[in-house]
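# for reference, the sequence and a predicted model appear below.
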Amino acid sequence: MGKVDTVTRRRGVFGSARSGGPKQNGFDNQGAVGEIAESVGKLGIHLAKVGGVIDEISRDVTGQTALFAELSSSTDAISEGNSVLRADAEALLGVAETVDAEMAASQGAAERSRIDVTGLADWIKRAGIELQTLNTAMSSISGIVGKIDAIAQQTHILALNARIEAMRAGEHGVGFVVIADSVRDLSDQTIAAASVIAQTISPLISSVKLLGDSSQVAQERASEAQDSSSKILASVQSVKSQVDELTSRLHRVAEFSETTASNSSEARSSFSALSNGLTANAQKLVAVTTEVGELTSLSENLITQAVLSGVETPDTQYVALATQGAAEISERFEQAVRSGKISESYLFDEDYVPIPGSDPVQHMTKFTRLTDELLPPIQEAILNSSDRIVFAATVDLNGYLPTHNLKFSKPQGSDPVWNNANCRNRRIFGDRTGLGAAKSTRPFYVQTYRRDMGGGTFVMMKDVSAPIWVNGRHWGALRVAYSVS
C-alpha cells in the first residue's frame, strides 16, 4: 500500500457531495446536513459528558463496593475476634469463679487460723503469767527451805551443847542427854531433808525460769503470728474483693461480646446486601457506559460522515489540519528513510527505554531524536493556527508521544505534579482516546472526551487524528485536540 493522499481523498469525497449543487427541489441539502452535523457534534459532547460522569460514578461505585467488601471482611474479622474474646471471657469467667470459690474457702480458713492463733497467743500469755507465779512461789519455797536449814543447823548446835551440859550434870542430866540426842537427830534429819529439797527445787526454779523466758519469746512470736494472720486475712479479703470485681467485669464482657456478636452478624448481613446492590448497580453502570460509548462512537461516525460529505461543519478545519499535517509527516518520514537518515526498522522501534530519574517516567527510542528534528515546525504551525487548539502532537501505534509542542516539552523538575502538566513529551499515553487515535486507519477520526485538568476540573475536548503511513506501513497518527467551549 502506498502513501495515503488525504487531500485527494477529501477532494473526491467533498466533490461528490457538491456536484449536485446546493439545493435540490428547493431544499438546502448542505445546510441541512451541516445543521445535522452540528447537532450530532453537540450530542457527542453531551454524550461524552454523560459518559465521563457515569464513568466517575462507576469508579466511585466500584470503590464503594471494594470498601464495603473490606468493611464486610473487617466485620467478619471483628466477629471472629469477638468470638475468640467471648470464648476467652467465658473461660476466664470460669477460672475467676473457681478462684473466687477457692478464695472464699481461703478466707474462711484464714479467719479460723486467725482465731486459732489468737487463742494460742492468749493461752501462751496466760501460761507466761502462771509460770511467773510459779517461779515466784518456787523462789519463796527455796527461801523457806533455806530458813528451815538455818534453824535446823542452829537446833543441831543447841542440841549438841545441851548434850554436853547434860553430860556434865552426871546422873541428873542423863534424861536430858537422851532428849538432846533426839533433838540433834531430828535437826540432822531436818538439815538432810532441807538439803534434798534445796537440791530438788533448785533445777525446778531454773526450769521454771527457762520456761518463763521461753514463754515470753513464744508470746512475742504468737503476737507476731497473730498480726501476720490478720494481715493474711486482710490480703485474702482484698484478693477476693478484686476477684469478685474481675468476675463482675468478665460477666459484662461476656454480655457485651454476645451483643457485639449479634450486631456484627446484622452488620455483616447489611454490608453483604449493600455490597450486592452496589455490585449490581456497578454492572448496570458498566452496561450504561458501554451504551453511551457506542452512542458516542455513533455520533463521532456521523460527524465523520458529515465531514466526508463535503459539508462545512465545526470540525472541518481541524480535520483538514490533521489530515494535511499527517500527510506532511508521512512524506518527511519516508524522505528520511530514503535518504538513509534513519532505517525503517529504527523508525518503527518499540523498545521504549525509561529515562533514569524521570517522574512521570519518560522514554527514549531509536527515532526520538529524528522526531525532535522533524515534527516541531509542523506541530507548532498547527497549534498556532487557532486559539481553540490545545495541542498538536504525534503518537506511534502504542501511544508513545516522542515530541510534543514546545510548551509541553519543558525539562523535568523535582515536582511530579508540575512535571505531569508541563513535561508531556517522551511519554506513553494508554488512554482510550490516545490509543483510539494511534490505532485508527480511517482517513481521519473525530473523538469527543473529557480532559482531566486536575482538582476535579474537566474540560470538554475534541480530538481529530489522521493516520501516518510510511511506505505502506501504519506508523501512528497526528492528533489535533481543541476545546469545544
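It's in.
# for Gly173, helix, strand, or coil?
Here Gly173 is recorded as helix under DSSP: H, G, I helix; E, B strand; the rest coil.
# ranges for the strands of the stretch 251-400 of the chain?
Applying DSSP state E, counting those that start in this stretch to the stretch 251-400 of the chain gives strands spanning 353-354, 363-364, 389-396, 400-401.
# and among those, the most buried is which?
Highest mean neighbour count among the strands of the stretch 251-400 of the chain (mean count of other CB atoms under 10 Å): strand 400-401, with a mean of 24. C-beta here means a position set from N, CA and C on the backbone, and glycine is covered the same way.
# CA atoms of the very next helix or strand once past that strand as CSV?
Next helix or strand after strand 400-401 toward the C-terminus (DSSP states H and E): helix 416-422. Provided in CSV are the C-alpha atoms of helix 416-422 (Å, rounded to 0.1, in the frame of the first residue of the first chain):
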residue,chain,number,x,y,z
PRO,A,416,6.0,15.2,39.7
VAL,A,417,2.7,17.1,39.6
TRP,A,418,4.3,20.0,37.7
ASN,A,419,6.2,17.6,35.5
ASN,A,420,2.9,15.8,34.6
ALA,A,421,1.5,19.1,33.3
ASN,A,422,4.5,20.6,31.6
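# domains in the chain, by residue range?
Following automatic domain parsing, one gets these domains for the chain: 79-273, 315-483.
# what is the end-to-end distance of the shortest one?
From the first residue to the last, domain 315-483 extends over 11 Å; the measure is CA to CA, to the nearest Å.
# centre of the chain versus it, how much separation?
Chain-centre distance of domain 315-483: 45 Å, with CA atoms, centre = their mean, to the nearest Å.
# so can I have a markdown table of the domains of the chain showing distance to Thr65?
Shown next, in a markdown table, are those (distance: least, CB to CB, whole Å):
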| stretch | distance to Thr65 |
| --- | --- |
| domain 79-273 | 11 |
| domain 315-483 | 22 |
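# any idea which of the ones you listed gets closest to Ala69?
Closest approach to Ala69 among those (CB to CB): domain 79-273, 8.3 Å.
# centre of the chain to the closest one, how far?
Domain 79-273 sits 64 Å away from the centroid of its parent chain (CA atoms, centre = their mean).
# shaky segments in the stretch 251-400 of the chain?
Residue ranges of the stretch 251-400 of the chain with pLDDT under 70: 261, 264, 267-268, 271, 274-275, 278, 281-311.
# can you rerun that using 90?
Filtered on pLDDT under 90, the stretch 251-400 of the chain yields the residue ranges 251-316.
# for the stretch 1-150 of the chain, just list every one of the helices.
Ranges of helices in the stretch 1-150 of the chain, per DSSP state H, counting those that start in this stretch, are 6-18, 29-169.
# would you single out the least confident of the ones you listed?
Among those, helix 6-18 has the lowest mean pLDDT, at a mean of 38.
# how close does Val480 sit to Ser414?
From Val480 across to Ser414, the span is 32 Å (CB to CB, to the nearest Å).
# give me the pLDDT value at Gln412.
96.
# who's in contact with it?
By CB atoms under 8 Å, 6 or more residues apart in numbering, the contact set of Gln412 is 358-359, 362, 419, 423.
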